[in-house]
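K.L.:
Below are the sequence and a predicted model; questions follow.
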Amino acid sequence: MTSFRYERFATDGAARLGRLHTAHGAIDTPAFMPVGTAATVKAMQPESVAATGAQIVLGNTYHLMLRPGAERIDRLGGLHRFMNWSGPILTDSGGFQVMSLAKLRKLDENGVTFQSHHDGSSHHLSPERSMEIQRLLGADITMAFDECTPFPATPAQAADSMRLSMRWAVRSKAAFVERPGHGLFGIVQGGIYSDLRAESARALIDIGFDGYAVGGLAVGEGQEAMFATLDATVPLLPEDRPRYLMGVGRPSDIVGAVLRGIDMFDCVMPTRSGRTAQAFTRRGTVNLRNARHQDDPRPLEEGCACPACRSYSRAYLHHLIRSEEILGPMLLTWHNIQAYQDLMRDLRAAIGAGRVAAFAAEAAAREALGDI
Ligand SMILES: COC(=O)c1ccc(CCNc2nc3cc4nc(N)[nH]c(=O)c4cc3[nH]2)cc1
């Protein structure tokens, strides 16, 4: 039986090269998790997601509890079977999505009561119910039930919100059912305030988790404040456990966070942007709706191994987008997920070679070139 275990192979400054072992397989870190919110990485078949090199995907408690329902997925064999993904799955715990999507939310010490954004039906989430839902889904990595502190927040507001999340972290840990190869991650809160972040990190370490997420970021604070918060938070986290920065981000966000000791990421950007004709390349983003591509026979990105770059021209991708053909978002999504996985692969290689700072500078210089 696989035990949930993080191995660290090398460090380069604060950056780490590692591997996380779970019941459904191993994840090489630093890793990017494609977002599979409603039991699908939108516009991609699971075998295509695996072909990009992605080893773990993210699912959402909030969306799946509303539709099709956690008990239904459990009856059908769990989320891995349901979505035909045999690798590790991490599920977010629902608090963030409730606050960003649900209607008529009432938050109290016990949890959150809300109306579904689909049909207005009433629902409730608490640390205990969130742990039960993530167990029913069969998540390899369960996230503690927390409140993502809104931005901006005063120090007092951030402190109250963080301390609620810490009380919920205790209840999450108590309700989590330990199983071999399955882990529970705590989530650090505290807004952009270093002292609150330190208090939150200490509280979570005292409770004891299999991994530590940095939450409450990528909420509009900007890259500078995000990096400053990481500088104040990550050094306080145990070195022998994975660190996960939730909801991040653009390539430059990911590179900067890896340099600060983050091991795991998730973001809707590559998938959502792929559906709006935005392609990520090493020379920055490319808007394929732009007429400048209509006669361009070149691939989107030289050297990229994805189907879009191997078999099609920019002119064809532009045509698909303009024609609103379904193949357009499919190919661009695949490319973007491939581009993110290639970035993580390059970061892992650079850390292993002790040259991650040089790699970061080269990547920033390439991105600054802009597309040609
Ligand atoms: C095209 O790209 C986009 O539309 C797009 C939208 C949102 C984000 C930011 C997502 N940010 C974010 N996700 C998050 C998820 C979180 N989950 C929990 N449990 N706790 C948190 O504290 C938390 C913070 C987050 N911050 C990034 C990109």
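P.N.:
Arrived safely, thanks for sending.

K.L.:
For stretch 114-129, what is the distance to the chain centroid?
P.N.:
Between the centre of stretch 114-129 and the centre of its chain there are 23 Å (CA atoms, centre = their mean, to the nearest Å).

K.L.:
Please disregard the earlier target; I meant stretch 26-38.
P.N.:
Mean-position distance between stretch 26-38 and its chain equals 7 Å (CA atoms, centre = their mean).

K.L.:
Repeat that for stretch 192-203.
P.N.:
Offset of stretch 192-203 from its chain centre (CA atoms, centre = their mean): 22 Å.

K.L.:
That stretch - what's its average pLDDT?
P.N.:
The average pLDDT for stretch 192-203 rounds to 98.

K.L.:
For it, which residues meet the burial criterion?
P.N.:
Neighbour counts over stretch 192-203 (16 or more other CB atoms under 10 Å) mark 192, 193, 196, 197, 198, 199, 200, 201, 203 as buried. Yep, even glycine has a C-beta here, placed from its N, CA and C like the rest.

K.L.:
And for residue 180, the neighbour number?
P.N.:
10 (other CB atoms under 10 Å).

K.L.:
How about the secondary structure of it?
P.N.:
Following DSSP: H, G, I helix; E, B strand; the rest coil, residue 180 is assigned to coil.

K.L.:
okay but it is in contact with residue 5, surely?
P.N.:
No - applying CB atoms under 8 Å as the test, residue 180 and residue 5 come out as separate, 10.5 Å apart.

K.L.:
Flag every residue of the stretch 151-300 of the chain that's near the ligand.
P.N.:
When proximity is defined by CB under 6 Å from any ligand atom, the stretch 151-300 of the chain lies next to the ligand at 187, 215, 216, 218, 219, 246, 247, 267, 268, 269, 272, 273.

K.L.:
Correct me if wrong: the last one contacts residue 287.
P.N.:
No - when contacts are counted by CB under 8 Å, residue 273 is not listed as touching residue 287 (9.7 Å).

K.L.:
what do these two both touch?
P.N.:
By the contact definition CB atoms under 8 Å, 6 or more residues apart in numbering, residue 273 and residue 287 are jointly contacted by residue 279.

K.L.:
Between the two, point out the one with more neighbours.
P.N.:
Set residue 273 next to residue 287 and count neighbours by other CB under 10 Å: residue 273 wins out with 19 against 15.

K.L.:
where's that one, which helix or strand?
P.N.:
In the assignment (DSSP states H and E), residue 273 maps to helix 269-274.

K.L.:
What are the buried residues along that helix?
P.N.:
Of all the residues in helix 269-274, those buried under the rule 16+ other CB under 10 Å are 269, 270, 271, 273, 274.

K.L.:
contact partners of it?
P.N.:
By CB under 8 Å, 6+ apart, helix 269-274 touches 34-35, 41-44, 249-250, 279-280, 285, 329, 332-337, 339-340.

K.L.:
Go through these and flag which are in helices.
P.N.:
Under the assignment DSSP state H, these contribute 329, 332, 333, 334, 335, 336, 337, 339, 340 to helices.

K.L.:
wait, which of those residues is closest to the ligand?
P.N.:
Using CB to the nearest ligand atom, residue 336 comes nearest to the ligand of those, at 10.2 Å.

K.L.:
roughly how far apart are the nearest residue to that closest one once chain neighbours are set aside and residue 78?
P.N.:
Nearest residue to residue 336, sequence neighbours excluded (CB to CB, 6 or more residues apart in numbering): residue 270, at 3.6 Å. Note on residue 270: its distance to residue 78, by CB to CB, to the nearest Å, is 26 Å.

K.L.:
I appreciate the help and will end here.
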